[in-house]
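Colleague: could you look at this predicted model? Sequence included:
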Amino acid sequence: MIVLHQLVKQYGNVRALNQVNLDLKASHSYALVGPNGSGKTTLIKSILGLVVPTSGTILINGSSIAGQHNYRRQIGYMPQISRYPDNLRIGQLFEMIRNLRSEYRDVDEELIQSFGLTQIMDKRMSTLSGGTRQKVGAALAFLFKPQVLILDEPTAGLDPIATDILKEKVTREKNAGKLFLITSHILSDLEELATDIIYMQEGAVYHQSSLHELQTETGQSRLGQAISMLIRTREQKIKELLTP
Amino acid sequence: MTTIVRYILADLLRTRFALAYTVFLAIVTMALFQLDNDPSRVTLSILNIVLMVVPLFSIVFATIHYYNSYEFMTLLLSQPVKRSTLLLSEWASVAGTMAGSLVAGVGIPSLIYGALTQVLPLLLAGVAMTCCFVSLAFLASVMTQDKARAIGISLLFWIYFSMIYDGLLLLVVYSFSDYPIEKITLALIALNPIDLVRISILMEMDVSALMGYTGAFYRSFFGGTTGMLFCIVMMMIWILFPLWISRRIFMNKDL
Amino acid sequence: MKALLLILLVCLACVTQARRITVKEDVSLKNAVQNAIAGDTIMVSAGRYKPGNLIIRVPLVLTGVNQPVLDGEGRFEVITVQTPGVTIRGFRIVHTGVSSIEDFAAIKVIAGHHVTIDNNIIEEAFFGIHLSNTDSARISNNIISHTEQPEESRVGNGIHLWKCQGAVITRNQITGHRDGIYFEFVTGSRVESNFSHHNLRYGLHFMFSHQDTYLNNRFESNGAGVAVMYTHHVTMIGNSFIRNWGPSAYGLLLKEIRDSEVSQNIFESNTMAIYMEGSSRITLSGNEFRTNGYAVRLQASCDDNHFARNNFKGNTFDLATNGSLVMNKLDHNYWDRYEGYDLNHDGIGDIAYHPANLFTLISERIPAAMVLWRSFTVYLMDRAEKAIPSLIPAGLQDTAPMMKSYDRLASTR
């Protein structure tokens, strides 16, 4: 569904993305993991069109996104930090986004309901807690029933109940054929949500496999341990290659 | 575009800054009318506000707003919204808010004191000035990724146009004092929006008689249709050119 | 001696043949004037007369009863006096001829003396009252106006005197003429309580007219204000110079005037209240300068002038000069911009005041610098100057500025 081909992004001397090739399919949930500065955010922003790649192509459903904006109809994005204009009410925000996409009559308000946002629709954004703003962000991402959902640290500011609601929603939508791309530092969350793991380091895809494969390959059921095992064995291999 | 403008405007008009700016202008204008009975002298004082306060407040507020709405802008850009649409919407909202505050803050007291007709050209010039410095603020904002640096660039713009440029102009006038340089200074004035507004408003007023031969030359120029058109066209360029460049940069900017 | 002779003559005339003639229509008016003998009084009844050009050759009194109208039909000079001892009183004289060669006037006096012209209304005349070589004239209570506003060459002066002595001009009102009052080679005369306003050029204009006195006149909204030139021993007291505004308008332009006094006048809302060029030994005291563009603009060619006890209030520029003020004296003036202090409470500020600011100094030398007027840069310059007064050349100062303004009851409106 989303194909990244030889994607390169150069910031001055820093190569944020180094020839990334990915083929992301529907009904899969990809966990994007890697240390800070490994290029996760750049990758997401490239797909969203917020970052213009230095070279390479991004195809969504077979067509390039370069210079386009309408493909974003198929994407729902939940940003890591949600900040909205201070004096807007929650209701106004939803109204605004709906007006921007007036072609969508059929909306998914499930998260608005289950997060209890309906009752606080007339609250101003500046009065909201970080968690509530995250809820708003999540609800917005799912609102238009997009085929692709990109969630950047979705559970970071959420309380346990909201986290559960979101996880449930992700699982359900994934099973309904949606494509998810999720980053998170909380690996235990990813364990529940992801079907596939993309491990990035220094701008390149270091490892890509299904969660199941990774677990069997490393013999670790916990994602965190599996990944550190993965890194260790790789490093070992490199050392062996270097020492004659 | 109208959708975005409508909501951003709804937000901005409720900001404390817009309210404070309006109240500040209103208080100053009222005080000026209270202290002085002569409407033409009040107009001159309001001209000072338009020349000093309006550019500074506009450019600083617009820059801060740009960086404060950075996350919201990325959110909107993850929707099917064109970048140019977003930038122009932001520009229109900020310029509209600042211009609205100016018109309300200065216009309403002037109306109360029955001097709106004298103040009207000034208000128009002030609105143009606001738009121009919001454009410059957007230019400063897209030139960098960092809020502090953007505010720095904005302040540099302001200092340049309100002080350094005039210093240089004085130097030019001084160096070529033996030549008839009115036409050259006219061109130089048009290259600074603050000077352009100042001279064109002064020429509308009686006090231009104090400017001697220089004043007479400018008065004959700005009094005619050509001068008027020149003034409007130059102001339009000063609003649109920085905005156009910032749009170009913004189109390919990594957010 | 001449005067005595005249009185003698007149008395003689009275004794012999003093007549009183009343006229009611054109023909009899013309006849009466033509055939008059010295000392006649011609009473002209109310009505409208078209007498052409009336030439008065013998001393007589021409009196209008209930303001009869003498119409010049746009072709004639109405009254020409060619003899001394004539009185013209109580007429309404309208529509003289207009000529580019001749100075047609409503009333012209050539080489007469002891003429009296009073209580006339003169409208749409080319020249109003025109005197040449005429001493001891009395011109009073006339209203001279030109309401059509043609170009400057199509309208002459209201009261025009050339080579006269000892004239007394009082309580006349002149409006709409080229110059309200015009003197050339007029000496020893007194101009008092006249109101000269909305004239195309100057309200008062004189040159080579020494020892004249101007008291309590009002010059208002004239195209170029008042200009006086090439004269010594002028006394101007208690006059008002109001709203003479425009790129080349002056409240009072003094060009090569010397040994004169300008006191207790009011200068209000003029572009330049006083502009001085090549003038020396003038005392300017007790004047009121209010809301003018420039209060005083002093060219380097002026010396030994003394400004004392004047009030300077609300002027855009108090003083501008292209030279140094060392040669002129300023003291005991009140300046509303003065920010000094008075520790010994003698009413006089303890530090000198510099009335010419840096920007006026620059723009006097480089007029093009005026483009920066009212810019932020110039504003900063002014502030800097207040903080560091040494930016100004030392000579430009009032050594004893007053802490309080002089209280004067004079009101102008």
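Modeller: The structure has been received and is ready for your questions.

Colleague: show me what contacts C:Gly347?
Modeller: C:Gly347 makes contact with C:402-404 under the criterion CB atoms under 8 Å, 6 or more residues apart in numbering or on different chains. Heads up, the C-betas are built off the backbone N, CA and C, glycines and all.

Colleague: can you redo these as JSON lines with distance to C:Phe219 and pLDDT?
Modeller: Formatted as JSON lines, these follow (distance: CB to CB, whole Å; pLDDT from 0 to 100):
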{"residue": "C:Met402", "distance to C:Phe219": "27", "pLDDT": "94"}
{"residue": "C:Met403", "distance to C:Phe219": "32", "pLDDT": "93"}
{"residue": "C:Lys404", "distance to C:Phe219": "29", "pLDDT": "91"}
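
Colleague: who wins for neighbours among the residues you listed?
Modeller: C:Met402 (21 neighbours; other CB atoms under 10 Å in any protein chain shown).

Colleague: B:Val106 and B:Trp91, how far apart?
Modeller: From B:Val106 across to B:Trp91, the span is 22 Å (CB to CB, to the nearest Å).

Colleague: correct me if wrong: B:Cys132 contacts B:Met234.
Modeller: No: if you go by CB atoms under 8 Å, B:Cys132 and B:Met234 don't touch, sitting 10.2 Å apart.

Colleague: shared neighbours, those two?
Modeller: Common neighbours of B:Cys132 and B:Met234, using CB under 8 Å, 6+ apart, are B:Pro193.

Colleague: neighbour count: the two, which is higher?
Modeller: B:Cys132 (29 against 19).

Colleague: show me which residues of whichever strand or helix holds that one are buried.
Modeller: In this assignment (DSSP states H and E), B:Cys132 forms part of helix B:116-142. Neighbour counts over helix B:116-142 (16 or more other CB atoms under 10 Å in any protein chain shown) mark B:118-119, B:121-123, B:125-142 as buried.

Colleague: what does the stretch 51-200 of chain B have sitting close to chain C?
Modeller: Selection of the stretch 51-200 of chain B residues close to chain C by CB under 8 Å from any CB of the partner chain yields B:51-52, B:162-163, B:166-167, B:169-170, B:173-174, B:177, B:181-182, B:185, B:189, B:194-195, B:198-199.

Colleague: which residues are in contact with the residue nearest to the spatial centre of chain B?
Modeller: Central residue check for chain B by CA atoms, centre = their mean: the C-alpha nearest the mean position is that of B:Met129, 1.9 Å away. By CB under 8 Å, 6+ apart, the residues touching B:Met129 are B:50-51, B:54-55, B:58, B:193-194, B:197.

Colleague: now do C:Arg75 against chain B, distance only.
Modeller: Separation of C:Arg75 from chain B (CB to the nearest CB, to the nearest Å): 39 Å.

Colleague: residues in contact with the spatially closest residue to that residue that is not a sequence neighbour?
Modeller: Once flanking residues are discounted, C:Arg75 sits nearest to C:Gly97: 4.6 Å by CB to CB, 6 or more residues apart in numbering or on different chains. By CB under 8 Å, 6+ apart, the contact set of C:Gly97 is C:72-77, C:104, C:126.

Colleague: now swap in B:Ile199 and tell me
Modeller: B:189, B:218, B:222, C:371.

Colleague: and the residue of the stretch 1-150 of chain B closest to chain C?
Modeller: Proximity of the stretch 1-150 of chain B to chain C (CB to the nearest CB) peaks at B:Met52, 5.6 Å away.

Colleague: can you name the residue of the stretch 51-200 of chain C nearest chain A?
Modeller: Counting by CB to the nearest CB, the stretch 51-200 of chain C gets nearest to chain A through C:His198 (58.4 Å).
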